[in-house]
Each structure stands twice: as structure tokens, then as C-alpha cells.
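K.L.:
Next come a sequence and a model predicted from it.
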Amino acid sequence: VQLQAFGGGLVQPGESLRLSCAASGTSIFSLYTLNWHRQAPGKQRELVATISRGGFANYTDSVKGRFTISRSNAKNTLFLQMNSLKPEDTAVYFCHIVRTLGTRVEYWGQGTLVTVSS
């Protein structure tokens with residue numbers, strides 16, 4: 001399975017970006033829990049948002065009300081809509097998919113850089 005993340009870029013505070021992560025090499029994308037993580041310079045990687053197989057979403061407190069995670073199982077794609085971006089959202093964003101059926105199987109994307117600066 002390969003994950004290709006894209007959609008990052010340079011935006012000003014208050015603007016929006018939409019990240020996408022396309023999965024290839026799997027026919028059971030719908031069985032995965034999907035995550036977005038981020039890693040800011042000099043900081044540890046943190047989990048930003050999760051969406052379950054059933055479509056239930058959870059967010060870290062700092063992005064609640066601003067970010068929306070979604071999935072398209074038909075297109076094998078994960079999304080992260082980011083609104084009202086702040087400088088502290090600047091980071092490399094990684095998509096990550098996990099499946100646990102007896103054993104844990106997970107895959108990571110290569111990361112896409114989001115820079116929020118005036």
C-alpha cells in the first residue's frame with residue numbers, strides 16, 4: 001500500500017487549505033482507520049485527527065472547530081479541510097492508515113508541508 005499526500009503550501013493566517021491523501025495498492029481501504037498527524041519544527045509528531053471505519057471523527061483540542069477530517073472509500077482518499085489557519089499550525093502533515101484484524105497493519109504517507117505565515 002502506498003499513500004500520497006498533497007495539498008500543502010504557504011498561506012496567510014486565517015486562510016484555508018485542503019489536504020488529500022490517496023491510497024493505492026489496497027482494495028480494503030474502507031476497513032482502515034485513517035489519521036492525520038503533524039510534526040512542527042523541533043517538536044514531536046502529534047495526532048491531529050482520526051476518522052473511523054464508520055465515519056466517526058476525533059480531533060486534538062487545538063484544531064477542534066477549525067479542521068474537518070473526511071474520507072472517500074470509493075476513491076481511496078483521505079481529506080483534511082483546514083480553516084482559520086494559525087501560525088502554530090505550521091508543520092509537515094502526514095497521513096496514516098491503520099487496520100487491526102488479528103495483527104496491526106499500518107502505512108504512512110510521505111508528508112506535505114503546511115506553512116502559515118504573514
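P.N.:
That came through, no problem.
K.L.:
Name the nearest residue to residue 31, ignoring sequence neighbours.
P.N.:
Sequence neighbours aside, residue 99 is the residue nearest to residue 31 in space, at 5.5 Å (criterion: Cβ to Cβ, 6 or more residues apart in numbering). Quick note: C-beta positions are derived from backbone N, CA and C, even for glycine.
K.L.:
Run a quick check on residue 118 versus residue 14, I expect a contact.
P.N.:
No: using Cβ atoms under 8 Å, residue 118 makes no contact with residue 14, being 9.3 Å away.
K.L.:
So between these two, which is more surrounded?
P.N.:
Ranked by neighbour count (other Cβ atoms under 10 Å), residue 118 and residue 14 place residue 14 first, with 11 against 7.
K.L.:
wait, isn't the more buried one in contact with residue 84?
P.N.:
Yes: at 6.0 Å, residue 14 counts as touching residue 84 under the criterion of Cβ under 8 Å.
K.L.:
Could you measure from residue 41 over to residue 91?
P.N.:
Residue 41 is 8 Å from residue 91, where distance means Cβ to Cβ, to the nearest Å.
K.L.:
Can you pick out the residue with more neighbours from the two?
P.N.:
residue 91 (22 against 7).
K.L.:
distance of that one from residue 102?
P.N.:
Separation of residue 91 from residue 102 (Cβ to Cβ): 33 Å.
K.L.:
same question, residue 49
P.N.:
In this structure, residue 49 and residue 102 are 26 Å apart, going by Cβ to Cβ.
K.L.:
who's more crowded, these two?
P.N.:
For residue 49 versus residue 102, neighbours defined as other Cβ under 10 Å are more numerous around residue 49 (23 against 6).
K.L.:
Enumerate every residue touching the more buried one.
P.N.:
Taking Cβ atoms under 8 Å, 6 or more residues apart in numbering, we find residue 49 in contact with 35-36, 57-60, 63, 67, 69, 80.
K.L.:
Ok, residue 14 next?
P.N.:
By Cβ under 8 Å, 6+ apart, the residues touching residue 14 are 84-85.
K.L.:
mind running it again at 6 Å?
P.N.:
residue 84 (Cβ atoms under 6 Å, 6 or more residues apart in numbering).
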